[in-house]
Structure formats: C-alpha cells, structure tokens
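**Student:** Turn this into a model:
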Amino acid sequence: MNALRFAAIAVLGLAACKASNPSVPRAKVAPVPEPEILPETEEQESVVEESRPTEAAIVSPSQATPTEPIVARIGDDVIYVSELLKTWMLADSTTLRDILGTLATAQIVRSESARLGIELDEEELMREYGIALAEMESELQQRQPGVSLDEWIAGGLGLDPLRYRASIREDIERRLLAERVVRHFIVTRDNAEAAVIVVADQEAALAALERARAGEDFAALAAELSLDPSGKRSGGKLPPIVRNDSAFARLAFSTAEGAVGGPVEEGGRWMLLRTLAINAPLTGKWAELGPTIEESLVKRPIEQPEFLLWKAEMQDRTPADFEPFFELIGEPTRRSQP
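**Tutor:** Predicted structure coming up:
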C-alpha cells in the first residue's frame with residue numbers, strides 16, 4: 001500500500017509496525033482480518049429466523065430517528081449515518097469489517113498502553129512523524145510534481161490540512177504504542193528463539209535433517225532449502241515463539257538449546273527446527289521493562305507472527321462486540337431478539 005493511499009484511508013496505524021530505529025526497514029504486519037462471526041446453534045437460528053422482520057416491516061434509513069447523526073441534506077430531505085453505513089456494508093462488506101476490526105485493535109492498544117503505563121519518547125515520535133510526512137511528500141512529487149502535500153490534502157481529499165496532519169501524528173503514536181505493547185506481551189511469557197527449515201514433504205525434511213546432523217551449518221541449509229522467506233533472509237531465524245499448544249511451539253520448547261528437532265508436519269509442510277535459546281518470562285510493567293523493550297525494538301522490529309500472537313490473545317481476553325453496529329444499520333442481532 002503506497003504512502004498516500006495509506007494516509008487517505010483514515011491513518012489507523014496498525015497495518016504496519018516499524019522498529020524504533022528509523023534506519024531499519026518497516027516490518028510488515030498482516031492487516032486485521034474481518035471480525036469473527038461465530039456459528040449460531042439451531043436454537044439461535046430458529047429464534048433469529050422467527051423474529052426476522054418481513055420485507056414490508058423493514059424501516060428505511062430515511063425513516064431513522066431524528067436524533068441520529070445526519071451526514072447530508074438534500075433539499076428538505078436528509079441522509080442519516082445509518083444509511084451511509086448500510087450502503088457501504090452492502091457495497092463492500094469486507095473493507096468495512098476490516099475497518100471495524102482495526103478500530104477494535106486500536107482500542108485494545110490504547111487500553112493496554114494505559115494499563116502498562118507506557119510512555120513514548122517525544123523526540124522519537126516527532127522523528128517518526130517527520131519520516132511519514134517526508135515519505136508522503138516524496139510519493140506525491142513522483143505522481144503530481146509541484147503539488148504540495150497541503151494542496152493535495154485540501155484539494156484531493158477535501159480535508160483540513162492541519163487536522164489531517166494531526167491525525168497522521170496520532171496514527172504514528174498508535175503505531176509506536178502497538179509495537180511496545182506487543183513486545184511487552186512477548187517478553188513477559190516463556191519464549192524460545194529458533195531457526196527453521198521448511199520443505200514440501202517428509203522425504204526432503206529427513207534428507208535435510210541428515211545433513212544437519214552430519215554437521216552442516218543450519219543457517220546455510222535454511223538459505224539453500226527452506227521454502228520460508230526466513231531461510232534466505234536470516235538463515236531461518238524466526239521471531240520469538242511463545243509457549244502454546246501448537247506442534248511447532250511444542251517442538252521448540254522440547255528441543256535442547258543448540259539441537260535440531262523434527263521433522264514435524266504443520267499446514268501441509270514439513271519443518272525442522274533448531275532451538276537457539278529458551279528465555280524465561282520477564283516481570284513488570286513499563287517502569288521496570290521499558291528500557292529493555294526499547295533496546296529490543298532497536299535491534300529487531302516487530303514481525304507479523306508476534307503481532308498475530310498478541311492479537312489472538314487479546315481477542316480471547318477482550319472479545320469485540322459489533323452488535324451495536326449491526327443494530328445501527330437495521331440488521332437483526334442476538335441482542336435485539338425478545
């Protein structure tokens with residue numbers, strides 16, 4: 001996603017994380033997927049079906065309550081926010097659900113940051129803000145030479161440049177907080193450092209294992225054989241692995257430091273793993289762990305697996321309730337049933 005498009009779609013700030021060190025390339029983090037919709041039981045399906053309004057009973061958005069926010073006036077008529085959201089949902093439900101999920105994740109970041117007492121360095125925040133603006137300016141000049149960023153914001157987006165720049169700064173702040181929240185989550189749990197070789201089948205895995213046990217360098221083997229991008233990028237070295245029930249995590253924690261474990265099959269691929277270190281969890285909030293976490297972010301940016309581990313944990317701990325949104329656009333929900 002280019003810088004201008006990223007900025008133009010609400011600068012929500014969790015689509016990518018980057019280390020504190022501006023010289024380190026931006027680490028890509030997967031977009032927040034659409035909110036999970038849990039399957040209904042037969043009893044729930046029956047209740048929803050019985051209470052679902054008939055076509056004649058469905059209220060048009062233009063008949064919404066007068067207290068609802070208005071987004072436009074057309075002569076003597078008005079368009080309410082529910083009509084906008086309902087139309088958007090019908091036209092592009094995937095994007096709207098993604099944005100809902102991103103907003104939920106951003107709220108969790110704010111809550112966790114407050115709970116941990118995270119404080120950002122103002123100089124770093126302004127440096128990152130300056131980098132973001134410079135990237136936008138550079139891309140704009142490539143596409144529309146001679147047009148200033150403020151001209152593009154005012155003319156191209158129809159927005160106030162000062163308010164827009166403030167939103168960019170807020171977005172950078174959210175990203176920096178997210179990096180620190182995620183890394184705190186990792187270091188305060190049992191975690192293992194490991195390298196991996198991923199191959200297509202068991203035969204290839206056994207052949208690689210034989211070569212590793214014969215003394216060949218594991219990193220060199222990963223660069224030669226692994227289907228995972230980490231092979232050529234870092235000799236197979238992975239972000240920290242948190243102890244959990246996955247086959248991969250169990251292998252990492254059951255393999256002695258320096259030894260090679262596997263092969264194991266997961267997701268249709270076969271993996272060998274070399275455990276580099278097993279780290280005991282640290283304890284404390286930001287006051288105690290802040291310097292350690294800041295140093296770790298300079299050395300290694302947040303990577304996608306770390307973010308996804310944190311996100312899964314947070315979704316279990318603080319599930320998002322999107323029923324108010326569906327009630328707003330007139331869709332039946334479990335809460336609206338008698």
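**Student:** Quick check: the gap between D245 and F253.
**Tutor:** With the distance defined as C-beta to C-beta, to the nearest Å, D245 ends up 11 Å from F253. Every C-beta, even on glycine, is put in place using the N, C-alpha and C of the backbone.
**Student:** Regarding this protein, what is its longest strand?
**Tutor:** Among the elements of the chain assigned as strand by DSSP state E, the one spanning the most residues is strand 269-279.
**Student:** That one pairs with which strands?
**Tutor:** Based on DSSP bridges, the pairing partners of strand 269-279 within the sheet are strand 191-199 (antiparallel), strand 260-266 (antiparallel).
**Student:** So which of D245 and F253 has more stuff around it?
**Tutor:** Remark: of D245 and F253, F253 carries more neighbours, 17 against 6, as counted by other C-beta atoms under 10 Å.
**Student:** other SSEs contacting the helix or strand hosting that one?
**Tutor:** Counting by DSSP states H and E, the element that carries F253 is helix 247-254. Contacting helix 247-254 under the criterion 3 or more C-beta pairs under 8 Å, 6 or more residues apart in numbering; DSSP states H and E are the following elements: strand 191-199, strand 241-242, strand 260-266, strand 269-279.
**Student:** list the buried ones in the third one?
**Tutor:** For strand 260-266, a neighbour-count test (16 or more other C-beta atoms under 10 Å) marks 260-264 as buried.
**Student:** and A247, what does it touch?
**Tutor:** Applying C-beta atoms under 8 Å, 6 or more residues apart in numbering to A247 gives the contacts 264-266.
**Student:** go with 7 Å
**Tutor:** Contacts for A247 (C-beta atoms under 7 Å, 6 or more residues apart in numbering) come out as 264, 266.
**Student:** now the helices: where do they sit in the stretch 51-200 of the chain?
**Tutor:** 81-91, 93-116, 122-143, 149-151, 161-187 (DSSP state H, counting those that start in this stretch).
**Student:** tell me the most buried of the ones you listed?
**Tutor:** When these are scored by mean count of other C-beta atoms under 10 Å, the highest mean neighbour count falls to helix 161-187 (a mean of 20).
**Student:** tell me the mean pLDDT for the helix or strand hosting P324?
**Tutor:** According to DSSP H and E, P324 maps onto helix 323-328. Along helix 323-328, the predicted confidence averages to a pLDDT of 91.
**Student:** How about stretch 304-314?
**Tutor:** Here the mean pLDDT over stretch 304-314 is 90, rounded to a whole number.
**Student:** what comes up buried for it?
**Tutor:** So for stretch 304-314, counting by 16+ other C-beta under 10 Å, buried means 305-311, 314.
**Student:** lowest confidence element among the helices and strands of the chain?
**Tutor:** Within the chain, confidence by mean pLDDT, DSSP states H and E is lowest for strand 27-28 among all helices and strands, at a mean of 32.
**Student:** Take the helices and strands packed on helix 247-254 and lay them out in a markdown table including distance to D150.
**Tutor:** As requested, these are exported to a markdown table (distance: least, C-beta to C-beta, whole Å):
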| stretch | distance to D150 |
| --- | --- |
| strand 191-199 | 45 |
| strand 241-242 | 44 |
| strand 260-266 | 50 |
| strand 269-279 | 47 |
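**Student:** Which other helices and strands does the helix or strand containing A205 contact?
**Tutor:** Using DSSP H and E, the secondary-structure element containing A205 is helix 202-213. When contacts are defined as 3 or more C-beta pairs under 7 Å, 6 or more residues apart in numbering; DSSP states H and E, helix 202-213 packs onto strand 191-199, helix 218-225, strand 260-266, strand 269-279.
**Student:** Outside of it itself, list whatever touches it.
**Tutor:** By C-beta under 7 Å, 6+ apart, helix 202-213 touches 197, 199, 218, 221, 225, 260, 262-263, 270, 272.
**Student:** Apply 8 Å and report the result again.
**Tutor:** Contacts of helix 202-213 from elsewhere in the structure, counted by C-beta under 8 Å, 6+ apart, are 197, 199, 218, 221, 225, 260, 262-263, 265, 270-272, 274.
**Student:** Figure out how far that helix is from the centre of its chain.
**Tutor:** 35 Å (C-alpha atoms, centre = their mean, to the nearest Å).
**Student:** Just the buried residues of it, please?
**Tutor:** Burial within helix 202-213, assessed by neighbour count using 16+ other C-beta under 10 Å, is assigned to 204-205, 208-209, 211-212.
**Student:** export it as PDB, just CAs?
**Tutor:** Once non-C-alpha atoms are left out, helix 202-213 reads as follows in PDB (Å, rounded to 0.1, in the frame of the first residue of the first chain):
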ATOM      1  CA  GLN A 202       8.700 -35.600   4.700                       C
ATOM      2  CA  GLU A 203      11.400 -37.100   2.400                       C
ATOM      3  CA  ALA A 204      13.000 -33.700   1.900                       C
ATOM      4  CA  ALA A 205      12.800 -33.000   5.600                       C
ATOM      5  CA  LEU A 206      14.600 -36.200   6.500                       C
ATOM      6  CA  ALA A 207      17.300 -35.500   4.000                       C
ATOM      7  CA  ALA A 208      17.800 -32.000   5.500                       C
ATOM      8  CA  LEU A 209      17.900 -33.500   9.000                       C
ATOM      9  CA  GLU A 210      20.600 -36.000   8.000                       C
ATOM     10  CA  ARG A 211      22.700 -33.200   6.600                       C
ATOM     11  CA  ALA A 212      22.200 -31.100   9.700                       C
ATOM     12  CA  ARG A 213      23.200 -34.000  12.000                       C
END
